[in-house]
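K.L.:
pasting a predicted model and its sequence here:
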Amino acid sequence: MSALLWLLVGLPLGAGALLAVAGSRGNRSAPAAGVAVAVATLGAAVAAAVARPSASAPLFAGVRAGLAVDGLSAVMVLVVAAVTAAVLTFAVGESGRDENRSRFFGLMLVFAGAMLVTVTATTLPLLLMAWEIMGATSWALIGYRWRQYGRGRAAGRGW
């Protein structure tokens, strides 16, 4: 049962990291791969929402990393996975051939995976690490079209 939970968070994180570092070599296959991973993640989210798994693994010496799907997180994993699939499906037609699509689809999947960890985390260290990954990928996605003057500036704006 815990394998389902690790699949739910590991699939978008792993595939997203591979796409993000693939560079322009992955641009041709990135949209199809991104949508396929998002749909598979949605399937895992549905299964996790029904099964309500929990998992734990050692993180640091004396600290465990825990994940669990309960009533509220069951709704949230479905929402995160469905919105990710919808956004990536829309992005297939929206992204141009001259853009680094592999990086965009990879960053979106890493963001979704970190969000899935955030909504299922049962331990504070894991929650904080996922929150930081969400922040970093959010920053990278805001400034994704950095050659456009306002986009790059918006990514660097501090509040």
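P.N.:
Thanks, I have the structure now.
K.L.:
helices and strands around the longest helix anywhere in the chain, which ones?
P.N.:
Counting by DSSP state H, the longest helix found in the chain is helix 71-94. Where contact means 3 or more CB pairs under 8 Å, 6 or more residues apart in numbering; DSSP states H and E, helix 71-94 is packed against helix 30-51, helix 101-120. (Each C-beta comes from the backbone N, C-alpha and C, glycine too.)
K.L.:
got the angle for the shortest one vs helix 71-94?
P.N.:
Note on geometry: by axes from the mean of the first three to the mean of the last three CA atoms, to 10 degrees, helix 101-120 and helix 71-94 are set 170 degrees apart in direction.
K.L.:
residues of helix 101-120 that come out buried?
P.N.:
For helix 101-120, the neighbour count (16 or more other CB atoms under 10 Å) marks 101-120 as buried.
K.L.:
equivalent analysis for the first one, please.
P.N.:
Along helix 30-51, the positions that meet the burial threshold by neighbour count (16+ other CB under 10 Å) are 30-31, 33-35, 37-38, 40-42, 44-45, 47-49.
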